[in-house]
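Asks: here's my sequence, what's the structure:
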Amino acid sequence: MLSPRQELILRKVVETYAETGLPVGSKTLAADATMGAGPSTIRNELSSLEEQGLLAHPHTSAGRVPTDSGHRWYVDQLRTGDMTPAATRPLGLQLIRREVDEAMRVTSETLSQVTNLLAIVSAPPVDTATIRHVEVLPLQPQVLMVVVITSTGGVTKRVFTFERPVDPGLAQWAAEFLGERLAGVGLGARMLHLRLADPSLSATERAFLDRLSPVFTELADTAEDTLYVDGAARLIGEHRVQDLAQINELMHMLERRATLLGLLRAALQEPDVLVRIGSENESPALRSLAVVGAGYGLPARKLGTVSVIGPVRMDYASTIRSVREAAHELSRFIEDVYTP
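Replies: As a prediction, this is how the structure comes out:
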């Protein structure tokens, strides 16, 4: 249990270190008018906080830096509302009337620019979308193109070549039948097969639909989870991540999408914002970094995550606020997209 003075000192150390990147000494703290204590008193409190594992004493410097536990205390105080974060730059996302992939890309770019960190947005799984519209378009007497538009704005096109000219009436019938049967149906292959099966159809109609069906049934099978990443060069270029081995681990993790997706999915279980600091991260690539993430989606189901990765020395108040705002805006956008 920290005393009020220790809480104030620890908060000032975390915030000053986040701003300067330098160890914070007693003289610097004593110069703050809100501290109300001299250097000797502050030195004693710093020593006490160090003994509790909240501060560390690097090298021979007289200053202290917050440990992972010190940063965790600070984040927990933000969450409980015991500290009022300073005003931060609003995210300013404008996602209205965008396609899903563009909305994801804009979110990752904007979040990285505002936080100056590596931003990662995972798109909703393709199998959560539904079919919104189907077109069967004759290109040549023997060539048809089928166009499928999903509820998320995705467009899939596939060209089919037949040995003989296709009856235009059959193509028109197929467009109407598929539009009626598949509108609003999810992309799961089993459900699509069931909707396409109709014992009342003639042999010619069934054979024609069987030829076209792969454009629908393969949508979910060929889909991959998509990640939108922005800010890797910025994070490294500004020397915010300085250890070469750490940089290599981080880059490898970005390449190993499955590992990264597993990490980000943890944010889906959180009611608010997930914060993992340094040693709290299971992945070796993140042991000296911090992750702030939040899920977004529909009221009853989260579909994806918004996350940032950066040094443990970051402005947690503004970062948490930005991630929360991005998740909120994406949730509003997704709800509009998924509502017929």
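Asks: which residues in this protein form strands?
Replies: Taking DSSP state E as the test, the strands found in the chain are 55-56, 65-66, 118-122, 131-140, 143-150, 155-161, 227-230, 273-277, 289-298, 301-311.
Asks: quick one: low-confidence parts of the stretch 51-200 of the chain?
Replies: 60-61, 81-98, 126-129, 151-154, 187-191 (pLDDT under 70).
Asks: that one: helices as residue ranges?
Replies: In the stretch 51-200 of the chain, the helices defined using DSSP state H, counting those that start in this stretch lie at 68-80, 100-115, 168-182, 189-196.
Asks: which neighbouring elements make contact with the longest one?
Replies: Looking back up the chat, that one is helix 100-115. strand 118-122, strand 227-230, strand 301-311, helix 316-338 (3 or more C-beta pairs under 8 Å, 6 or more residues apart in numbering; DSSP states H and E). C-beta coordinates here come from the backbone N, C-alpha and C atoms, glycine included.
Asks: now it and strand 143-150, what's the angle there?
Replies: Counting by axes from the mean of the first three to the mean of the last three C-alpha atoms, to 10 degrees, helix 100-115 points 50 degrees away from the direction of strand 143-150.
Asks: buried residues, helix 100-115. List them.
Replies: 100, 103-108, 110-112, 114-115 (16 or more other C-beta atoms under 10 Å).
Asks: quick check, nearest of the residues you listed to residue 8?
Replies: Using C-beta to C-beta, residue 115 is the member of these that lies nearest residue 8, at 26.1 Å.
Asks: contacts only, for that closest one.
Replies: For residue 115, the contacting residues are 308, 310, 314, 318-319, 322-323, by C-beta atoms under 8 Å, 6 or more residues apart in numbering.
Asks: just put the strands of the chain in TSV and tack on distance to residue 19 and mean neighbour count.
Replies: Compiled in TSV, these are given as follows (distance: least, C-beta to C-beta, whole Å; neighbours: other C-beta atoms under 10 Å):
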stretch	distance to residue 19	mean neighbour count
strand 55-56	16	20
strand 65-66	12	24
strand 118-122	20	27
strand 131-140	49	16
strand 143-150	46	18
strand 155-161	47	13
strand 227-230	24	20
strand 273-277	18	22
strand 289-298	16	23
strand 301-311	13	24
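Asks: nearest to residue 79, of those?
Replies: Across those, closest to residue 79 is strand 273-277 (C-beta to C-beta), at 7.9 Å.
Asks: got the angle for the closest one vs helix 316-338?
Replies: Using the same axes, to 10 degrees: strand 273-277 against helix 316-338 is 140 degrees.
Asks: who does strand 273-277 touch, helix- and strand-wise?
Replies: Packing contacts for strand 273-277, counted by 3+ C-beta pairs under 8 Å, 6+ apart, involve helix 68-80, strand 289-298, helix 316-338.
Asks: residue 333 contacts residue 103, correct?
Replies: Yes - assessed by C-beta atoms under 8 Å, residue 333 is found in contact with residue 103 at 5.5 Å.
Asks: okay, now the domains of the chain?
Replies: Using automatic domain parsing, the domain parsing of the chain gives 4-80, 100-125+225-338, 127-222.
Asks: report the distance from the last one to the chain centre.
Replies: On the basis of C-alpha atoms, centre = their mean, to the nearest Å, domain 127-222 is displaced by 33 Å from the centre of the chain it belongs to.
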